[in-house]
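Asks: Let me see the structure of the following:
(2 chains)
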Protein chains: 2
Amino acid sequence: MTAELTAHQLITQHRPTLDQALEAIRTRAYWSPHPEHPKAYGEHGSLDAAAGKAAFDALLGTRIDLGQPGTDDWTGDEVSPYGIALGITYPHADVEVLLPAMRAGQRAWRDAGAETRALVCLEILKRISDRTHEFAHAVMHTSGQAFMMAFQAGGPHAQDRGLEAVAYAYAEQIRTPDTAEWTKPQGKRDPLTLTKAFKPVPRGIALVIGCNTFPTWNGYPGLFASLATGNAVLVKPHPRAVLPLALTVQVARQVLAEAGFDPNLVALAAERPGERIAASLAVRPEIRIIDYTGSTAFGDWLETNARQAQVYTEKAGVNTVIVESTDDYRGMLSNLAFSLSLYSGQMCTTPQNLLIPRDGITTDQGPKSYDEVVADLARSVEGLLGDDARANGLLGAIVNPDVKARLEAAAGLGEVALASREVVNPEFPEAVVRTPVIVKLDGAKPDAEAAYMSECFGPVSFAVAVDSAADAVELLRRTIRDKGAMTVGAYTTSAEVEEAVEEACLEECAQLSLNLTGGVYVNQTAAFSDFHGSGGNPAANGALCDGAFVASRFRVVEVRREA
Amino acid sequence: MTAELTAHQLITQHRPTLDQALEAIRTRAYWSPHPEHPKAYGEHGSLDAAAGKAAFDALLGTRIDLGQPGTDDWTGDEVSPYGIALGITYPHADVEVLLPAMRAGQRAWRDAGAETRALVCLEILKRISDRTHEFAHAVMHTSGQAFMMAFQAGGPHAQDRGLEAVAYAYAEQIRTPDTAEWTKPQGKRDPLTLTKAFKPVPRGIALVIGCNTFPTWNGYPGLFASLATGNAVLVKPHPRAVLPLALTVQVARQVLAEAGFDPNLVALAAERPGERIAASLAVRPEIRIIDYTGSTAFGDWLETNARQAQVYTEKAGVNTVIVESTDDYRGMLSNLAFSLSLYSGQMCTTPQNLLIPRDGITTDQGPKSYDEVVADLARSVEGLLGDDARANGLLGAIVNPDVKARLEAAAGLGEVALASREVVNPEFPEAVVRTPVIVKLDGAKPDAEAAYMSECFGPVSFAVAVDSAADAVELLRRTIRDKGAMTVGAYTTSAEVEEAVEEACLEECAQLSLNLTGGVYVNQTAAFSDFHGSGGNPAANGALCDGAFVASRFRVVEVRREA
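Replies: Next up, the predicted model:
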């Protein structure tokens, strides 16, 4: 490389981090190199809060020119869920020019090898990390997440998931050595000897189809897994959440160029309103890998139609929490209240159906009837969100009118145990901020099933009365099998019920959190330790992150010669 | 386990072998625990040549009753390519009974864990290995392979590929620990602490669809990869090659039972003539993994239609050898002659198109014209197969009438450089034994392209005259991209041509053998070291064996609790 960023620099700066990440995915103990506290930023070249805010403000109303070939126009009309029109435009690509340009640098990127690719990815992540405050505003004003959540989930947690993908990609590629000497004994004759060379080769161009709610968190695993395995990556952001991924692409292009590689290995495909380029890009022969987060309908369409590509989808699911018994009633209520409120339930991991025996539950506070449990939970949510400032900090804004419409319709589905209320955001008066609704449904009634057996994405949950713990487990199984689930939770003090829930999750393949009453929530997963999704039920065909998520993004070509 | 075969016995007997296999797939140096020499068998409980033959003879005309539930009938009408009607019948399954029975034992098999599953698989392989002589006859009289090849490829080499798959499956499953303690600091507050348990869980029932030519070699990787990852396995053999897989299923069921597991975790699905049960089984919801070796048409059909399953296919391809120059003309000719002759070219790895510059090549014997090269190769094949006994030992028998018809039609496709001749097999006079045909084609003529650009499975190769080395490389690229290739070979003394061929193989994703002139042939790959297929071109969507071949056969379910 004749580059500003030398291999030596990359190794010195990032190899220790890569090694720590490799160790973390092996032990799955807690680890992260990306600080969660806003105040941790501001030194060693990172932007502090004020600088980050200023950097974001300076982007508003500008054109982000990535220097991409084939730019035939400029597009972009993002309006923040907090009411600000971002006024930022992005390159609109002529893909007939852009895609061939993206392939031009693939050979050098392939030949650089797994370690260099991993270290370049770590440099990209480091520069993004330095701008976490700026990215936090970008994520906040596209997803509607409250600032603190946008900061953490859109910043360090997303970077962690990107780094985790790089670690898995690296580990997978070095399972086969670069070379091998093969000597096969032939009795009294000379042995057969071959020299073998093995090289990981990319699939081609990878397409990342971003989502509205978690542009970086859901975008980074696929982006970095594909890039680290030698592929070029085309990022197609959600039209309402372009900025965080455009900045990501900009950083990646800069780092690639500085390291002596073709910046066109990473490019942005912003689209005009209504253009729906994801569908046309997805079936092009150049596109060999697709990562997608979004609706089940388009996810299924991709799996069916993009047959030339490896397709990784995270789609809709219906998440269940079984509430059977607890020895910490208050802890359970406050934990659940937080889970239902965080980002207005606009997480793929938010619980939707709370299955509660109609005869009530046993607790450390004595027996509680179904009605009491639901009323106490409603009170917990009210208490948590009673203060508007705190409510704004937890809820964020409703991301789009569809979610608002679903929330409003939910009140008509059953008896409302907790009504949604409007919260005013004094800083952003145009933001649509709503507290969650809790609706009571009778699990035995067929008309209720239509409601609780479909995903109602947003701040809506159903307190479903069930006949018994066994009934709850059976409904849980059916829900996972038919609708998919990113998460399952359960509260029980019974070893028997615990085993039944665990067995249901093992057989139907869903990730289970048991008896969470403290500061960890069912909707949160930690990179390097928790799997996000299982890849074994209809909610997602892969998990973040495991060997299967990276192993098919490259192939190994062997060249053998007589020694 | 209350079993005849205890965990302690399994560990003592097989853990060292598993460890050696894990080391071999890491270094990819030569290794095999399965002897290639027929005389190596006969001690330590293994059958010697006479006992193996006697065991095979005793099977003829019998019913192989596997004790499977749902057996509604008996079926089987295998006739050896050597002329013997085997007269063996197998259970015909009512799948509505058999499939549920196969699921009954899955929980215990899942809970046994990765190590026990691997060791049980190794015990199955050990018992098969002990009966290698018996299996050799079974493979010979279903595939038409000559005895020595049936012995080696159907015995130790197939067992190696099975063991390799077990090693990859085991390594993949233990990448995630069984448990983890997760402690996240919270500044001055108490840390968050979770206890996490991780368990590999199977997909469901795996279907192995066997092929006629290599029932064990191509069947074992999928069978053992799926079984070792916790799945039940239903084996649907090719109707002409049931016996080797029926014996395999029999051994597997016996070992599973002795180790305290449900024998129905492995079952056979033999079919009635014309029943085509592969297609109906493949789309059943219980079937979650499919391994298939066979025609492109059915492979493509499976990939398109068996959407509920992970589908691994090895289909047709067109294998190319570029002959550009050599410093060992005789070595090249004899190496190629052997490659074309072995098992009458009925290997998915046999070269079909020999691309030779029309202006000739340079060699250590001086320049050779295109015509001379082709004539010398023809003479090499004639020399190799001149003696009928030797010819029979190399060629084996034509496996079915389709191959014979293609061979006969090939002579009409161009100028015949080497005519096929009939060889009499004195031991089996009904065997159809034929030497290979070599047909000259002009690569520049469009009507020739129709011939050399389709797979002509069997003892047919085309000596294609090309304009130049660059023309050859370009044709190689196009062939791999459009038709797929299991193998590529090249002979060149030019560093420039070598690099061009290598680059073509890296970009189009095909496995390359360079300048083979000794006792290793382009159509042979060694388990633990060579990849069979690349999974990156149309000939196969997976490689034997790598992480991708096993990683999606199971998922990991996490259960987390507050510590």
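Asks: where does the stretch 1-150 of chain A have low pLDDT?
Replies: Counting by pLDDT under 70, the ranges of the stretch 1-150 of chain A that qualify are A:1-3.
Asks: Would you mind measuring from whatever residue of it ends up closest to chain B to B:Leu194?
Replies: Among all residues of the stretch 1-150 of chain A, A:Arg28 sits closest to chain B, at 3.9 Å; criterion: CB to the nearest CB. In short, each C-beta sits where N, CA and C put it, glycine included. As for A:Arg28, its distance to B:Leu194 is 10 Å (criterion: CB to CB, to the nearest Å).
Asks: what do you get for A:Lys188?
Replies: The span separating A:Lys188 from B:Leu194 equals 61 Å under the rule CB to CB.
Asks: and the two? which has more neighbours close in?
Replies: Remark: of A:Lys188 and B:Leu194, B:Leu194 carries more neighbours, 22 against 5, as counted by other CB atoms under 10 Å in any protein chain shown.
Asks: picking up where we left off before, wait, the residue of the stretch 1-150 of chain A closest to chain B sits on A:Ser529?
Replies: Yes. Between A:Arg28 and A:Ser529 there is a contact at 4.5 Å, judged by CB atoms under 8 Å.
Asks: which neighbours do the two share?
Replies: Shared contacts of A:Arg28 and A:Ser529, defined by CB atoms under 8 Å, 6 or more residues apart in numbering or on different chains, comprise B:Ala180, B:Trp182, B:Lys196.
Asks: near chain A, which of those residues show up?
Replies: Among those, the residues within reach of chain A (CB under 8 Å from any CB of the partner chain) are B:Ala180, B:Trp182, B:Lys196.
Asks: Let me know the secondary structure of the first one.
Replies: Same thing as B:Ala180. Taking DSSP: H, G, I helix; E, B strand; the rest coil as the rule, one finds B:Ala180 in the strand state.
Asks: What is the burial count for the nearest residue in space to it that is not next to it in sequence?
Replies: Setting aside the residues directly before and after it, B:Ala180 is nearest to A:Arg28 in space (CB to CB, 6 or more residues apart in numbering or on different chains), at 3.9 Å. When neighbours are counted by other CB under 10 Å, A:Arg28 registers 21.
Asks: any idea how far A:Arg28 is from A:Gln250?
Replies: With the distance defined as CB to CB, A:Arg28 ends up 33 Å from A:Gln250.
Asks: same deal with A:Ala469?
Replies: Using CB to CB, one gets 53 Å for the distance from A:Ala469 to A:Gln250.
Asks: in the stretch 101-250 of chain A, what residue is nearest chain B?
Replies: Of all residues in the stretch 101-250 of chain A, A:Ala180 sits closest to chain B, with a separation of 3.9 Å (CB to the nearest CB).
Asks: Could you give the bridge partners of that residue?
Replies: According to DSSP bridges, the residues that bridge with A:Ala180 are A:Lys196.
Asks: So it is in contact with B:Ala29, correct?
Replies: Yes. Taking CB under 8 Å as the definition, A:Ala180 is a contact partner of B:Ala29 at 5.9 Å.
Asks: For those two, list the residues in contact with both.
Replies: Here A:Ala180 and B:Ala29 share the contacting residues B:Ser529, scored by CB under 8 Å, 6+ apart.
Asks: Which residues of the stretch 1-150 of chain A lie near chain B?
Replies: On the criterion CB under 8 Å from any CB, chain B has as its neighbours in the stretch 1-150 of chain A the residues A:Ile25, A:Arg26, A:Thr27, A:Arg28, A:Ala29, A:Tyr30, A:Arg107, A:Arg110.
Asks: swap the cut-off to 7 Å and go again
Replies: Proximity of the stretch 1-150 of chain A to chain B is confined to A:Thr27, A:Arg28, A:Ala29, A:Tyr30 under the rule CB under 7 Å from any CB of the partner chain.
Asks: same deal with the stretch 201-350 of chain A?
Replies: Contact residues (CB under 7 Å from any CB) of the stretch 201-350 of chain A with chain B: A:Val201, A:Arg203.
Asks: quick one: the helices in the stretch 201-350 of chain A?
Replies: In chain order, the stretch 201-350 of chain A shows helices spanning A:220-228, A:243-258, A:277-282, A:296-305, A:329-341, with DSSP state H, counting those that start in this stretch as the criterion.
Asks: ok, now the stretch 1-150 of chain A?
Replies: Counting by DSSP H, counting those that start in this stretch, residue ranges of the helices within the stretch 1-150 of chain A are A:7-27, A:49-59, A:95-104, A:106-111, A:113-130, A:132-143, A:147-154.
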